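1. pasting the sequence and the predicted model now:
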Amino acid sequence: MPIRHREDQPSSDSRRCSGPAVSITALNYHYPDGHHALKDINLEIEACDKAALVGPNGAGKSTLMLQLNGVLQGKGELEIMGLPVTEDNLPSIRSRIGLVFQNPDDQLFSPTVFEDVAFGPLHMGLPEGEIHRRVEHALEQVGMAEYADRLSYHLSLGEKKRIAIATVLSMQPDILVFDEPTSGLDPRARRALIDYLQDWDLTLLVSTHDMRLVEEVFPRTVVMDQGRIVADAPTEDILADAALLERHGLEKP
């Protein structure tokens, strides 16, 4: 199957679930200094799809991810689970999409693991019993059920990353968005994270430089460079195109 370069044929093959989870049309974003970080982004990700977002540093990957829950807001059309990303819809959208940052310390700020994971459900106004149920389930999902009473700042990087994921899972989102999830992890922690990503029946969008992770977990790969989506295809086709990888600063795993 030939690679569908964006200038030729922008489309998505995924029809495993009905309806798009993420729909972006003609999205542009300028930073206050005038830098044009996103240029006419068109992207659709079906519900239950697993897509990797790759490209060199400065390609616009993180900027794009921050548009999804309204942290940054550009010009264009952007919908999450059918809801336009507008100020009025942000509370609902942020309950449906979970963003896990590269540095877990950006998400862990409570004294204990339990309090960190309970923070989201607590501010959703859920009853105490439901909060405890969600925290226990989220910690079980990342293999950290015994860590509820631990101090977050005493944990290893790999443990912190798993707790950061649990803080998002406790919100029961429809979509998980990760920024460099395997960065800094030792082989065992990395393997555990890959197993979780493979098992979860959620829409996944992951920005990463870890091309082995891409090859193993994600059926679809979207390549960005200089603020544009330059290719969007099955991962095996992207990885088979040596010229494309070299042109956009990527390496075959």
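-> Happy to help now that I have it. Numbering: from 1, shown residues only.

2. so what's the residue nearest the centre of the chain bridging to?
-> The chain has Val177 as the residue nearest its centroid, 1.6 Å off, counting by CA atoms, centre = their mean. Listed by DSSP bridges, the beta-bridge partners for Val177 are Leu99, Leu205.

3. you'd agree it is up against Arg96?
-> No - Val177 is beyond contact range of Arg96, at 11.1 Å (criterion: CB atoms under 8 Å). C-betas here are computed from N, CA, C, even on glycine.

4. follow-up on the earlier one: and the gap between the residue nearest to the centre of the chain and Pro32?
-> 24 Å (CB to CB, to the nearest Å).

5. same deal with His137?
-> Here the criterion is CB to CB. By it, His137 lies 41 Å from Pro32.

6. looking at those two, which is more packed in?
-> In this view His137 and Pro32 are compared by other CB atoms under 10 Å, and His137 has more residues nearby, 15 against 5.

7. only C-alpha atoms, please: export the host helix or strand of that one in CSV.
-> Taking DSSP states H and E as the definition, one finds His137 inside helix 128-141. This file holds the C-alpha atoms of helix 128-141, laid out as CSV (Å, rounded to 0.1, in the frame of the first residue of the first chain):
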residue,chain,number,x,y,z
GLU,A,128,-16.9,9.8,48.1
GLY,A,129,-17.6,6.1,47.4
GLU,A,130,-17.4,6.7,43.7
ILE,A,131,-14.1,8.6,44.1
HIS,A,132,-12.6,5.7,46.0
ARG,A,133,-13.8,3.2,43.4
ARG,A,134,-12.3,5.2,40.6
VAL,A,135,-9.0,5.7,42.4
GLU,A,136,-8.6,2.0,43.2
HIS,A,137,-9.5,1.0,39.6
ALA,A,138,-7.2,3.5,38.0
LEU,A,139,-4.3,2.4,40.2
GLU,A,140,-5.0,-1.2,39.3
GLN,A,141,-5.0,-0.4,35.6
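
8. quick one: buried residues of that helix?
-> By neighbour count on 16 or more other CB atoms under 10 Å, the buried set for helix 128-141 is Ile131, Arg134, Val135, Ala138, Leu139, Gln141.
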